[in-house]
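# pasting a predicted model and its sequence here:
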Amino acid sequence: MASTSITNAIKAAAPRNEDLLALLAETDHALPALEQQKRYIDDLNNELSNIQKRIVVLDAQRNKEFKEHKRYRDSVMKRFAYRVSGKTDKFQARAEKEEREYFAALQKEHQAKEQEENIRVMRSKALEVQSDLEAEVDRHKEAQQQLDSLYDSIFQGPTPAFPEEDRSEQNAETALQAYHNSRIVVETELQVVNLLSEAKARLNKALAYTEEALSYSRMDMFGGGTFSDFMERNALDKADNEVNQVRLLVRQSQRMSQHVQNLPAIGIAGGSLLGDVLFDNIFSDMAFHERVKDSRAALERAQGFLLGQLSLAKSRHQEAEQDMNIHASTLETSRQELQKARERIFARIADSNATTRAPPADDPPPY
């Protein structure tokens, strides 16, 4: 290519080169972020598959318990046989046992289905983020292809005659890989921060429901009756659902980062609402009130744990961002150096061509 053509090509390519480099810098985050998002979605898919399998088992268990409960509830002959034999109390106890087991199975299935729905919502939001990131990755790839084509139009094939350009190109590729690796760490720790933040919010809800249960429990001790029992257990059931979601979120954060520790044990007070109605007295109410207070204490310990883990995760994310910013700066510098190396080559070739064409200064003028 003639020197004039090279010079013109450099001048013509400069504005487009700057635009493409700016677009690459703007979308550099997309590929590592997309990789991390896909891992997160894979984890959600596994959780969804596991909970769906569990629901099948719980559904079968609920049907089995319902049949047992219905058999005792509706069996006139069994009731008559127990009455004739003087074992009415034994029949009543067995009937209550079957009813408790049925409602316990029903509650477990209900909680599992709520957890399934929560995972579906999380997965839907994660897929939306993935779609946005895929669009950014497409923009990045398109810009890179255009930049490669631009360079190929000037640097035809390998450039062994220009080792400085090869070295600069290798440095830029190494810097890009280092940036991608650091960006993955940033995206991972950010995901952990988001998961633990959601877990903290869920735990706060569980605490609020437990406080609500304590309020009804106090009312129950002073003669609140069946309504207080029902509202108390309803609040505790909601608290238990929130705790199940907290456990899920913490497990996910642990799969994202080995630094996240195990959630402390949390037990939400439970029992038979039927038993509360049949055997309700001040002593049983006081005993259950203490159990609810123990649940609140366990939640408060877990709250302190989550606050600590969230603080550590935020610190790791900040450190990872600082490290990534260093690599981003190195990447930008390496790209600039590559551009300068190519510009120097262009300039040197242009100067060489100009010198080759210039006549010697002491040659006689042509006639």
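Received it, and whenever you're ready, just let me know what you need.
# contacts, neighbours, all on C-alpha from now
Will do.
# tell me which element the closest residue to N17 other than its chain neighbours falls in.
The shortest distance from N17 to any non-neighbouring residue, by Cα to Cα, 6 or more residues apart in numbering, is to L147 (6.8 Å). Under DSSP states H and E, the secondary-structure element containing L147 is helix 88-154.
# for that helix, packing partners?
On a contact count with 3 or more Cα pairs under 8 Å, 6 or more residues apart in numbering; DSSP states H and E, helix 88-154 meets helix 3-27, helix 30-74, helix 76-84, helix 225-256.
# that one to helix 30-74, inter-axis angle?
Angle of helix 88-154 versus helix 30-74, following axes from the mean of the first three to the mean of the last three Cα atoms, to 10 degrees, is 160 degrees.
# tell me what the helix or strand just after helix 88-154 is packed against?
Next in sequence after helix 88-154, counting helices and strands by DSSP H and E, comes helix 163-221. Here helix 163-221 touches helix 30-74, helix 225-256, helix 282-357, going by 3+ Cα pairs under 8 Å, 6+ apart.
# for the first one, what does the pLDDT average out to?
Over the span of helix 30-74, the pLDDT mean works out to 84.
# tell me what angle it forms with helix 225-256.
Using the same axes, to 10 degrees, the inter-axis angle of helix 30-74 relative to helix 225-256 is 150 degrees.
# then the last one?
An angle of 30 degrees separates the directions of helix 282-357 and helix 225-256 when computed by the same axes, to 10 degrees.
# for the chain, where's the lowest mean pLDDT among helices and strands?
One helix or strand of the chain scores below all others by mean pLDDT, DSSP states H and E: helix 273-278, with a mean of 44.
# was I right to think A199 contacts V250?
Yes. With contact defined as Cα atoms under 8 Å, A199 reaches V250; the gap is 6.8 Å.
# could I get the helices and strands packed on helix 163-221 as a markdown table with distance to N181?
Conversion of these to a markdown table gives the following (distance: least, Cα to Cα, whole Å):
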| stretch | distance to N181 |
| --- | --- |
| helix 30-74 | 8 |
| helix 225-256 | 15 |
| helix 282-357 | 9 |
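# quick check: which of these is buried the most?
Mean neighbour counts were taken over those using mean count of other Cα atoms under 10 Å, and the top value, a mean of 20, falls to helix 225-256.
# tell me what that one is packed against?
In terms of contacts (3+ Cα pairs under 8 Å, 6+ apart), helix 225-256 is packed against helix 88-154, helix 163-221, helix 273-278.
# not counting sequence-adjacent ones, nearest residue to D323?
S182 (6.9 Å).
# look at that neighbour and report its pLDDT.
In this prediction, S182 carries a pLDDT score of 94.
# then A2?
pLDDT, A2: 43.
# please renumber the chain so that the first residue is 28 from this point on.
All set: I'll call the first residue 28, so the last point we hit is now A29.
# where does this protein have low pLDDT?
Scanning the chain for pLDDT under 70 picks out 28-38, 95-123, 125, 179, 182-189, 246-255, 298-312, 370, 372-394.
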